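Enquirer: Here you go, sequence then predicted model.
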Amino acid sequence: MSRPTIRVSIVEDDSAIRETLRSLFIFEDGMEAFTVHSTAEDAMLRLVDTCPDVVVMDINLPGASGIDCVRQMSQRCTAAQFLMYTVHDDDHRVFEALKAGANGYILKSSTPDEILAAVRELHAGGSPMSAHVARRVVAHLRPQRGAVVDTGLTEREQQVLALLADGLLYKEIGDKLGITTGTIKQHIHRMYEKLHVQNRTEAVNRFFGR
């Protein structure tokens, strides 16, 4: 049994790139260059009633951006999958596109085979991304080394712990904050309970994610 034809729409303002993509899908078995658009506005107008399976979307377009287009079209064409195809790999554009409803994100440096593979993967339910973009997404989602953990410490307790991390003695911390050594010990006792630790080193490592 032959695979169903994937109907691909292209939204790209550069005529040379647009024609290259159109030719790529025309001559690929199992794919069809469904519609071609040079602006987001044209795509949104013409694809209201009949939606493609996959939309290959540039970001920098005259008028509305590709991200704006995805944001609106993803509400109208709920069955369509959106593949961002752009030179931009900065964090802001990547995550704005994904939040807008894009399902994949590849760079214009991708080879024809990589583009075709991305369209097939997207149509099959995957989320294709260029390797460099995928690494940025993973790095963004991974807890950052040294990130402060939300543990419910009060502002004063955080101040005390930060000074402990700097190696200050109880008396030095008290002098710096204008409180007694006894009060410092009370703060530290409460911090240890909240952080579920037994000593200064464990508390610092736990709170600062070391």
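Expert: Received the coordinates, thanks. Residues are numbered from 1 along each chain as shown.
Enquirer: My read is that Ile59 contacts Asp89, right?
Expert: No. Under the contact definition of C-beta atoms under 8 Å, Ile59 does not touch Asp89, with a separation of 10.7 Å. C-beta: built from backbone N, CA, C; applies to glycine.
Enquirer: Same drill for these two, tell me which one is more crowded.
Expert: Each of Ile59 and Asp89 has its neighbours counted (other C-beta atoms under 10 Å); Ile59 has more, 23 against 17.
Enquirer: Quantify the burial of the closest residue to Leu195 other than its chain neighbours by counting its neighbouring residues.
Expert: Across the structure, with C-beta to C-beta, 6 or more residues apart in numbering as the measure, the residue nearest Leu195 apart from its sequence neighbours is Arg206 (4.8 Å). Here the neighbour count serves as a burial measure; for Arg206 (other C-beta under 10 Å) it reads 18.
Enquirer: Then Gln198?
Expert: Neighbourhood size, Gln198 [other C-beta under 10 Å]: 9.
Enquirer: try the one 5 residues further on
Expert: Counted with other C-beta under 10 Å, the neighbours of Ala203 add up to 24.
Enquirer: State the distance from it to Ile173.
Expert: 13 Å (C-beta to C-beta, to the nearest Å).
Enquirer: intersection of neighbour lists for the two?
Expert: Common contacts of Ala203 and Ile173, defined by C-beta atoms under 8 Å, 6 or more residues apart in numbering, comprise Leu164.
Enquirer: Assign the residue nearest to Leu195 to helix, strand or coil.
Expert: The three-state assignment at Arg206 reads helix, by DSSP: H, G, I helix; E, B strand; the rest coil.
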